[in-house]
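Visitor: Please work out how this folds:
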Amino acid sequence: MLPLCLSTQPVSKKLFIRTYGCQMNVYDSTRMADVLAPLGYDTALRVEDADMVILNTCHIRERAEEKVFSELGRLRDLKEARQHEGGGLLIAVAGCVAQAEGAEIQARAPYVDIVLGPQTYHRLPEMVARASRAGQKVLDTDFPVEPKFDHLPAPSAQGPSAFLSVQEGCDKFCTFCVVPYTRGAEYSRPVASVLAEAERLVETGVREITLLGQNVNGYHGPGPDGSAWSLGRLIRHLARMPGLDRIRYTTSHPRDMDDDLIAAHRDVPQLMPFLHLPVQSGSDRILAEMNRQHTADDYRRLIDRLRAAQPDLALSSDFIVGFPGETDADVEATLRLVRDIGFAQAYSFKYSPRPGTPAAAIGDQIPETVKEDRLTELQRVIGEQAVAFNRGCVGRHFDVLLDRPGRHPGQLIGRSPYMQSVFVTAPEALLNTVQRLEVVTANPNSLAAKLLDQRACA
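Guide: Next up, the predicted model:
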């Protein structure tokens, strides 16, 4: 009798990940896919085709939990239909809502198989085995002693741009923010680990890396020499890596923008002249209530130093309107700051209480209609600045990373140094390359350009 041969190849399955929120969640979703690939999970383009669905959630915005439960309701129907057909569907909830509301998710949505926090996704293969083979419901929202980055496989990349997480968590404890409670204390990856991941990404064709962290400019990872490296030092070292043309970083805190990082904007041509630096408010009183630990003028002076180092620098920021106790005078102070600084783009939101944060307990909450009016005015001013910035780009020459095909034949789309989408007529052979372009038209949210080197079309 011939021996029974068991295949060592994993059974092919489909994985669909829906990502909410920040770039860190995008990075985490990519790494969860990497972790599950050895189990045979390949990407599903539609949720209907998936054998496993992960909702990678964000707790920052208003009604985040209800949006998750609404999506889970649709997945429940899909799972029940599969069961009637004799099949199955694994459902997992990951990310910050899972971290904060894990028990509530299990109680309200018992059909969810796995609930995991953002620090435990390196243990996903074990969780999947327990859920699929043993039929167990898995809840894993611990903060493990071992860093998850030490247990992740080699990264994969889709296209010429990639995120690379170098720092996680936050110790600032802004009164409106849940990040310290869902992501934990600040942790900086060792330099050797970051450089090894960057090298692997570049080997796969990545030309642009965005360094990520909840407070990325507070990076202080241990270096090979035993000292703590700053973000500026890390960027200078990465810039010497052959094949890595562009470096970005996000998100930063004004308190941690040190002299070395400011100098890197002057000295490192690979560091893009675009900085996302949240300020949240232009009112010193509100900034104090938010525990931001800087004033509006501190922010102004910091921007002056950055622009002295890099005159071409463009800025983005975050703003919250309707923080408890905010007055019309506070709003005017914010508008004054926006006009003083000038932003290429910005993200603005109505304040919404996050459970467990100090600001949620403040009694002087602002009515929703007032928040709406204030947000509308702020977005009007920010929108005018963004349009003016785009118009000011007409006639300028930019190096643009062409990273995806356009909707029309013969069209490619890329990203400018300032993160704008740029449309250009160019051959497909130039996809995933950096090309010198001249901006010819400005639209509210994009630019149109032409190739300067027409020989590239040949």
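
Visitor: Pull the residues that contact the helix or strand where E80 lies.
Guide: When elements are defined using DSSP states H and E, E80 is found to belong to helix 64-84. Residues outside helix 64-84 that contact it (Cβ atoms under 8 Å, 6 or more residues apart in numbering) are 18, 20, 47-48, 53, 55, 57-59, 88-89, 91, 93, 96-97, 101, 104-105, 108-109, 111-112. To be clear about C-beta, it is placed using only N, CA and C from the backbone, and glycine gets the same treatment.

Visitor: Any of those residues buried? List them.
Guide: Buried subset of the contacts of helix 64-84 (neighbour count, 16 or more other Cβ atoms under 10 Å): 20, 47, 53, 55, 57-59, 89, 91, 93, 96-97, 101, 105, 109, 112.

Visitor: Show me these that map onto strands.
Guide: V53, L55, T57, I91, V93 (DSSP state E).

Visitor: Save those as TSV, and put in distance to N25 too.
Guide: Below are those laid out as TSV (distance: Cβ to Cβ, whole Å):
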residue	distance to N25
V53	15
L55	11
T57	8
I91	18
V93	13
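
Visitor: Which of those residues lies at the shortest distance from D284?
Guide: Distances from D284 to those, taken as Cβ to Cβ, are shortest for T57 (33.8 Å).

Visitor: which ones are touching that closest one?
Guide: Contacts of T57 (Cβ under 8 Å, 6+ apart): Y20, G21, N25, A64, V68, V93, A94, G95, C96, V97, A98.

Visitor: before we move on, what about A449?
Guide: A449 sits in contact with F398, V400, V422, F423, V424, L437, E438, V439, V440, where contact means Cβ under 8 Å, 6+ apart.

Visitor: got the contacts of T57 as CSV, with distance to V338 columns?
Guide: Output for these, formatted as CSV (distance: Cβ to Cβ, whole Å):
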residue, distance to V338
Y20, 27
G21, 24
N25, 27
A64, 26
V68, 32
V93, 37
A94, 35
G95, 31
C96, 28
V97, 31
A98, 35
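
Visitor: I'd like the residues you listed laid out as a markdown table, including distance to S317 and pLDDT.
Guide: Output for these, formatted as a markdown table (distance: Cβ to Cβ, whole Å; pLDDT from 0 to 100):
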| residue | distance to S317 | pLDDT |
| --- | --- | --- |
| Y20 | 21 | 89 |
| G21 | 18 | 81 |
| N25 | 20 | 88 |
| A64 | 22 | 71 |
| V68 | 27 | 88 |
| V93 | 31 | 95 |
| A94 | 28 | 94 |
| G95 | 24 | 90 |
| C96 | 22 | 88 |
| V97 | 25 | 89 |
| A98 | 29 | 90 |
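
Visitor: By neighbour count, which bits of the one helix or strand D42 maps to are buried? Give me those.
Guide: In the assignment (DSSP H and E), D42 maps to strand 41-43. Buried residues in strand 41-43, defined by neighbour count with 16+ other Cβ under 10 Å: Y41.

Visitor: One more: stretch 154-165?
Guide: Those would be P155, A157, P160, S161, A162, F163, L164, S165, for stretch 154-165 by 16+ other Cβ under 10 Å.

Visitor: now stretch 354-367
Guide: Those would be R354, T357, A359, A360, Q365, I366, for stretch 354-367 by 16+ other Cβ under 10 Å.

Visitor: Kindly report the same for stretch 306-320.
Guide: L306, R307, A309, Q310, L313, A314, L315, S316, S317, F319, I320.

Visitor: how close does the first one get to D298?
Guide: With the distance defined as Cβ to Cβ, to the nearest Å, L306 ends up 13 Å from D298.

Visitor: returning to what we had before: single out whichever of the buried ones among the contacts of helix 64-84 has the smallest pLDDT.
Guide: Within the buried ones among the contacts of helix 64-84, H59 has the lowest pLDDT, namely 78.

Visitor: For that residue, which non-adjacent residue is closest in space?
Guide: Nearest residue to H59, sequence neighbours excluded (Cβ to Cβ, 6 or more residues apart in numbering): C96, at 3.7 Å.

Visitor: The one you found and G21 touch, don't they?
Guide: Yes. Using Cβ atoms under 8 Å, C96 is in contact with G21, at 7.4 Å.

Visitor: just the helices in the stretch 201-350 of the chain please.
Guide: 231-238, 259-267, 284-289, 296-309, 328-341 (DSSP state H, counting those that start in this stretch).

Visitor: can you tell which of those is closest to L452?
Guide: Of the helices of the stretch 201-350 of the chain, the one closest to L452 (Cβ to Cβ) turns out to be helix 259-267, at 25.2 Å.

Visitor: Show me the contact partners of the host helix or strand of E372.
Guide: If you go by DSSP H and E, E372 is part of helix 368-392. Helix 368-392 is contacted from outside by 314, 319, 321-322, 326, 331, 334-335, 338-339, 342-346, 348-351, 418, 420, 442-447, using Cβ under 8 Å, 6+ apart.

Visitor: Which among these count as buried?
Guide: Looks like the contacts of helix 368-392 have 314, 319, 321-322, 326, 331, 334-335, 338, 343-346, 348-351, 418, 420, 442, 447 buried, using 16+ other Cβ under 10 Å.

Visitor: Tell me how far the residue nearest to A449 when sequence neighbours are not counted lies from Q420.
Guide: Leaving aside its chain neighbours, A449 sits nearest to L437 (3.8 Å; criterion: Cβ to Cβ, 6+ apart). To Q420, L437 is 11 Å away according to Cβ to Cβ.

Visitor: quick one: which two of the buried ones among the contacts of helix 64-84 are the most distant?
Guide: Taking Cβ to Cβ, no two of the buried ones among the contacts of helix 64-84 sit farther apart than H59 and L89, at 24.7 Å.

Visitor: State the phi and psi torsions of L431.
Guide: When read as degrees, to the nearest 10, the backbone of L431 gives phi -60, psi 140.

Visitor: Strand 52-57 and the host helix or strand of R31, what's the angle between them?
Guide: Counting by DSSP H and E, the element that carries R31 is helix 23-36. If you take axes from the mean of the first three to the mean of the last three Cα atoms, to 10 degrees, helix 23-36 sits at 160 degrees to strand 52-57.
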